[in-house]
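Q: Sequence below, structure please.
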Amino acid sequence: MSARLSRVQMERLERWFSGQPGAFAFSQQRRLVGRLSMIWSRREGRLLDIGCRNGHFLEAFWESGFDVDGVDAEPELLARARTCIGERADCNVGSPEHLGFADGEYEYTTVLQVLDLCENPEAVIKEALRVAKLGVIIGFWNKWSLTQTLRRCRGAEAEYLSDIQWHNPLEMTRMVEKLANRKISRKASVLPGPACTWRRDRPLGRVNRRVYPFPLGAYCAIRVDFLDDKLVTPLMSFSTSPCGGSV
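A: Okay, here's the model as predicted:
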């Protein structure tokens with residue numbers, strides 16, 4: 001049930017994020033996660049990104065006001081994350097399925113880039129819920145999406161999508177609610193069009209630059225809050241480009 005990546009998977013991951021569809025997709029993933037995390041208070045904002053990969057989301061969370069740390073099973077990707085985030089976050093090698101942190105050690109945890117290449121998503125989600133005190137955001141690729149249904153794109157930029165695991169949104173929702181022992185607080189999605197339209201220069205690119213109801217898009221995210229009281233809404237959300245590239 002390891003979340004480690006093979007050399008081929010790492011190469012595909014890098015090509016994906018450096019290409020047009022991958023960079024565009026990440027910009028919309030970031031928009032979605034920023035929308036869901038807006039309600040989280042930055043005054044109590046220690047956040048752990050589980051499966052942080054090469055640090056794309058760490059930079060965005062830091063820019064939006066959180067104190068951030070990252071953990072990933074792959075040392076090579078963590079080295080890139082450290083280069084990206086510098087001293088603004090601690091990036092530690094560790095298994096997402098067996099985190100070396102105490103219960104509730106962080107106010108918030110996120111699982112955004114690991115379920116697509118993980119053999120046991122339930123174990124990762126369980127750990128994320130255990131370590132978080134106030135809330136969790138979980139992102140995943142939608143098995144019911146138009147992208148997955150019509151996935152016929154060819155070329156290097158499509159390799160990553162053919163390599164990942166796509167998840168049933170209904171089953172994912174039920175799993176999270178069962179593990180958390182509470183209802184989902186909010187859920188939404190992005191990227192409703194097929195992967196070949198994930199470019200700013202395509203006519204349907206504008207359609208893909210919005211947050212949609214769950215589960216219309218190819219990438220979905222759900223938020224679980226552990227407090228009944230409404231959290232303080234911050235003044236800022238994700239607004240910067242990921243380190244090392246533009247979107």
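
Q: The closest residue to residue 141 other than its chain neighbours: neighbour count?
A: Among residues not flanking residue 141 along the chain, residue 166 sits closest, at 4.8 Å (Cβ to Cβ, 6 or more residues apart in numbering). Yep, even glycine has a C-beta here, placed from its N, CA and C like the rest. As a burial measure, residue 166 scores 18 neighbours (other Cβ atoms under 10 Å).

Q: Model confidence score at residue 166, please.
A: With respect to pLDDT, residue 166 scores 92.

Q: how near is the closest residue in space to residue 164 that isn't next to it in sequence to residue 16?
A: Spatial nearest neighbour of residue 164, chain neighbours left out: residue 116 (3.8 Å); criterion: Cβ to Cβ, 6+ apart. The gap separating residue 116 from residue 16 is 11 Å, by Cβ to Cβ, to the nearest Å.

Q: quick one: average pLDDT of stretch 214-232?
A: 84.

Q: residues of that stretch that come out buried?
A: 214-226, 231 (16 or more other Cβ atoms under 10 Å).

Q: okay if I get those residues as CSV plus distance to residue 37 and secondary structure?
A: Listed next are the buried residues of stretch 214-232 as CSV, based on distance: Cβ to Cβ, whole Å; DSSP: H, G, I helix; E, B strand; the rest coil:
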residue, distance to residue 37, secondary structure
214, 16, coil
215, 19, coil
216, 20, coil
217, 17, coil
218, 20, coil
219, 15, strand
220, 15, strand
221, 9, strand
222, 12, strand
223, 8, strand
224, 12, strand
225, 11, strand
226, 14, coil
231, 10, coil
